[in-house]
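Student: give the three-dimensional model of this entry:
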Amino acid sequence: MNRISRRLTFQFVAQLVLFIGVMALGTLVLIVYIGLQTEKHAGADPEGLRELGSFRYSFAVKGGQAVVDAAWASALPERGGWLQVVSPEGAVLASTAAPADVPGQYAPGELFAFWKKKLPFPYALTINRVEKDGKTYIVVYGEKRKAEQALQQALPAFDGRTLSPASEQALRQQQASLRIYGPDGRLLHAFGEESAPRPEAALGDMLGSAADAGKTEAEEAVHFDPATRQTWIVRTSDGMSAEAGEGMERIISNAFLAYFIGLAAFILILSYVYGVRFGRPFRAMLEFIEQLASGNYTQPPRTGKGKSRGSGDRLRKPKGSFRLFREVGESLEGLRLELARSEQLRNRLEQTREEWITGVSHDLKTPLSSISGYAHVLESASYSWSEEELRTIGRTLREKSDFMSELIEDLSLTYRLKNNALPLDRKPSDVNEVVRRAVVAFMNDPQAASYAITFSPSGSPVIYPVDRKWFTRIVDNMISNAIKHNPAGTAIDIAVNEEAGRGFSVTIRDNGAGMDPRTLDRLFDRYYRGTNTEETTSGSGLGMTIAKQLTLAHGGEIAVRSEPGEGTEIVLRFGRA
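Tutor: Here you go, the predicted structure:
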């Protein structure tokens with residue numbers, strides 16, 4: 001089961017690494033996508049390109065010469081802007097849409113003075129330094145100061161209460177707004193496009209607006225009229241920039257939304273796959289256990305192309321996620337086989353026991369009938385019995401009672417052996433002598449006179465600790481079985497052989513009828529008395545079971561070889577003393 005633990009640990013770690021990897025990859029894709037979209041929008045809109053580094057793509061260096069990008073060159077006139085690429089010495093290397101009043105060469109400090117408004121200059125400037133091919137270039141972007149222009153146009157068009165329609169129309173066309181505040185900071189008049197003007201204006205608000213305007217150089221212009229102590233604020237808004245900003249916000253929002261939706265979908269899919277991967281084997285194992293608990297130990301039938309209709313076959317031949325628990329599947333399959341064997345043995349034992357009870361009942365009924373008959377005769381008949389007749393009756397009664405006593409003794413003995421409740425008095429003895437005495441007893445038995453019984457001892461004494469009584473019973477049962485199930489004239493040989501380094505063996509061999517595979521398989525089962533209807537079925541059916549149990553109790557083992565018509569060989573092997 002340690003392998004299952006390692007396998008599951010690997011699976012959990014792999015799933016965690018996969019999850020973290022997908023999250024990291026998704027985050028990287030999100031960052032790259034937002035970066036590309038930001039760059040794309042910045043490249044398409046000059047307002048968006050005023051961020052540091054955005055002007056890198058406004059020109060290229062070809063053959064050592066600076067060349068303005070075609071997209072920039074076409075977009076700048078529409079916006080009223082212009083672009084110059086200047087060397088660190090002030091020489092203009094490339095230019096597009098530059099008005100006539102823009103210098104073609106800058107003296108040291110001149111461009112800086114224009115940029116910082118130290119010198120009058122009619123354009124708002126954005127300056128950026130770009131490094132390309134190991135050289136430094138200054139990118140200058142300029143455009144008219146729209147807010148200042150709108151303010152200068154509005155000043156003469158205001159009559160103290162209203163703005164002329166033409167001037168207000170111009171404000172709207174420029175997407176600008178004019179707000180006039182009184183000395184107390186309250187809003188007096190509002191013109192133009194701004195949808196929600198501030199009702200009051202304070203110095204802090206104007207400083208904040210100026211700071212914001214300084215970032216783009218041309219978004220807001222402020223005028224103070226000393227005579228009326230009114231403050232005029234003109235604010236311009238680039239529709240393209242506003243739209244681009246809103247577009248970027250939508251892109252970023254949608255990107256994050258898609259990221260989280262994708263992550264949630266991945267978690268759901270991973271959870272489903274993970275649940276199926278581990279749920280199917282557990283479900284199959286539970287179904288298999290329920291099948292075994294219901295007493296069904298058969299293999300589920302196959303259906304389709306190698307697929308199993310039940311769970312047991314998948315557990316026996318694990319594929320996919322079932323490989324994670326293949327040891328559990330193998331254990332359950334082993335349990336199924338063991339339960340099936342136990343069920344078969346139980347059914348066979350039950351059937352055999354019923355047959356044995358029937359046979360033993362018949363065997364007991366016969367002597368009891370004889371005993372009962374003689375008892376009635378002796379009790380009721382007014383007859384004077386001779387001594388010979390009485391001796392015959394007594395001998396018959398004794399034989400019948402001995403037979404019943406033997407049946408009862410065999411039954412008791414087999415259960416004592418099964419429960420290891422039979423004490424053995426094992427003492428070192430010469431096995432040749434013990435077996436010889438048992439064989440001689442059969443040789444002198446008139447009932448065995450029609451059988452050719454021989455004994456072949458080993459070349460030297462075989463000393464082994466045995467209980468002489470019960471070891472003799474082993475040999476007796478083996479010889480009795482050979483006599484009982486073979487026709488007259490059968491040769492029965494009993495031999496004791498030494499086996500070098502492995503102890504000794506006792507072999508009982510005959511050339512009689514032999515046994516079929518079914519009989520051979522059940523030879524040592526309790527109550528089994530054979531299937532040959534031509535043979536006598538008298539006896540307890542426990543003789544060979546007792547012989548095997550006594551052999552095991554003496555530390556031995558039994559091997560049987562038999563073929564129908566070729567006789568039987570039973571070998572009892574014992575280790576060294």
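
Student: what number of residues lie near residue 94?
Tutor: For residue 94, the count of nearby residues is 19 (other CB atoms under 10 Å). The C-beta positions use only the backbone N, C-alpha and C, and glycine is treated the same way.

Student: just the element for it, please.
Tutor: strand 92-96 (DSSP states H and E).

Student: repeat for residue 119
Tutor: Counting by DSSP H and E, residue 119 is held by no secondary-structure element, helix or strand.

Student: quick one, phi/psi of the residue lying closest to it once chain neighbours are set aside?
Tutor: Using CB to CB, 6 or more residues apart in numbering and skipping the chain neighbours, the partner closest in space to residue 119 is residue 113 (4.3 Å). The phi/psi pair for residue 113 (degrees, to the nearest 10) reads phi -70, psi -40.

Student: same question for residue 460.
Tutor: The phi/psi pair for residue 460 (degrees, to the nearest 10) is phi -140, psi 160.

Student: please apply the same query to the one 10 residues further on.
Tutor: Comment: the main-chain dihedrals of residue 470 come out as phi -80, psi -30, following degrees, to the nearest 10.

Student: am I right that it is in contact with residue 553?
Tutor: Yes. Here residue 470 reaches residue 553: they are 7.5 Å apart, a contact under CB atoms under 8 Å.

Student: A strand includes residue 423, no?
Tutor: No. Membership of residue 423 in a strand is not supported by DSSP: H, G, I helix; E, B strand; the rest coil, which gives coil.

Student: chain center to the helix or strand encompassing residue 396: distance?
Tutor: Using DSSP H and E, residue 396 maps to helix 387-418. From the chain centre to the centre of helix 387-418 is a distance of 67 Å (CA atoms, centre = their mean, to the nearest Å).

Student: stretch 149-165 spans what distance, first to last residue?
Tutor: Distance between the two ends of stretch 149-165: 17 Å, counting by CA to CA, to the nearest Å.

Student: what's the answer for stretch 112-122, then?
Tutor: 14 Å.

Student: got the buried residues for that stretch?
Tutor: Under the neighbour-count criterion of 16 or more other CB atoms under 10 Å, stretch 112-122 has 114-115, 121 buried.

Student: just these now: which is nearest residue 433?
Tutor: Residue 433 has its nearest neighbour among the buried residues of stretch 112-122 in residue 115, at 129.7 Å by CB to CB.

Student: just give the nearest non-adjacent residue to the closest one, would you?
Tutor: Using CB to CB, 6+ apart, the closest residue to residue 115 is residue 125 (4.8 Å).

Student: hang on, the one you found packs against residue 116?
Tutor: No. Contact criterion CB under 8 Å: residue 125 and residue 116 do not qualify, at 9.2 Å.

Student: now the strands for the stretch 401-550 of the chain?
Tutor: 427-430, 452-456, 463-466, 491-499, 503-510 (DSSP state E, counting those that start in this stretch).

Student: pLDDT (mean, whole number) over the third one?
Tutor: Summarised as a single mean, pLDDT over strand 463-466 is 94.

Student: SS state for the residue nearest to residue 115?
Tutor: Applying three-state DSSP: residue 125 is strand.

Student: run through the bridge partners of it.
Tutor: residue 142 (DSSP bridges).

Student: state the distance from it to residue 89.
Tutor: Applying CB to CB, to the nearest Å, the value for residue 125 to residue 89 is 18 Å.

Student: those two: who's more crowded?
Tutor: The neighbour count for residue 125 versus residue 89, taken as other CB under 10 Å, is higher for residue 125 (18 against 9).

Student: all strands of the stretch 251-400 of the chain, in order?
Tutor: Applying DSSP E, counting those that start in this stretch to the stretch 251-400 of the chain gives strands spanning 302-303, 307-308.

Student: lowest-confidence stretch among the ones you listed?
Tutor: It's strand 302-303: among the strands of the stretch 251-400 of the chain, that one has the lowest mean pLDDT, namely a mean of 40.

Student: so which of the strands of the stretch 401-550 of the chain is nearest residue 440?
Tutor: Ranked by CB to CB, the member of these that lies closest to residue 440 is strand 452-456, at 7.8 Å.

Student: and the helices in this structure?
Tutor: Along the chain, the segments classed as helices by DSSP state H run 2-44, 70-79, 110-115, 146-154, 165-173, 203-216, 239-293, 312-316, 326-380, 387-418, 431-443, 468-484, 517-521, 543-553.

Student: out of the helices and strands in this structure, which is least certain?
Tutor: Ranking every helix and strand in the chain by mean pLDDT, DSSP states H and E puts strand 302-303 at the bottom, with a mean of 40.

Student: ok so, going back, quick one: mean pLDDT for the helix holding residue 396?
Tutor: The model assigns helix 387-418 a mean pLDDT of 80.

Student: list the buried residues in that helix.
Tutor: Judged by neighbour count using 16+ other CB under 10 Å, the buried positions of helix 387-418 are 393, 397, 400, 403-404, 407, 410-411, 413-414, 417.

Student: and that helix, what does it pack onto?
Tutor: helix 326-380, helix 543-553 (3 or more CB pairs under 8 Å, 6 or more residues apart in numbering; DSSP states H and E).

Student: still on that earlier bit, let me have the buried residues of stretch 112-122 in CSV, extended by distance to residue 361 and pLDDT.
Tutor: Shown next, in CSV, are those (distance: CB to CB, whole Å; pLDDT from 0 to 100):
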residue, distance to residue 361, pLDDT
114, 130, 86
115, 125, 83
121, 131, 83
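
Student: redo those as TSV? Include distance to residue 278.
Tutor: Below are those laid out as TSV (distance: CB to CB, whole Å):
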residue	distance to residue 278
114	72
115	67
121	73
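
Student: returning to what we had before: redo the helices and strands packed on helix 387-418 as CSV? Include mean pLDDT, distance to residue 106 and mean neighbour count.
Tutor: Converted to CSV, these look like this (pLDDT from 0 to 100; distance: least, CB to CB, whole Å; neighbours: other CB atoms under 10 Å):
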stretch, mean pLDDT, distance to residue 106, mean neighbour count
helix 326-380, 78, 81, 14
helix 543-553, 88, 115, 21
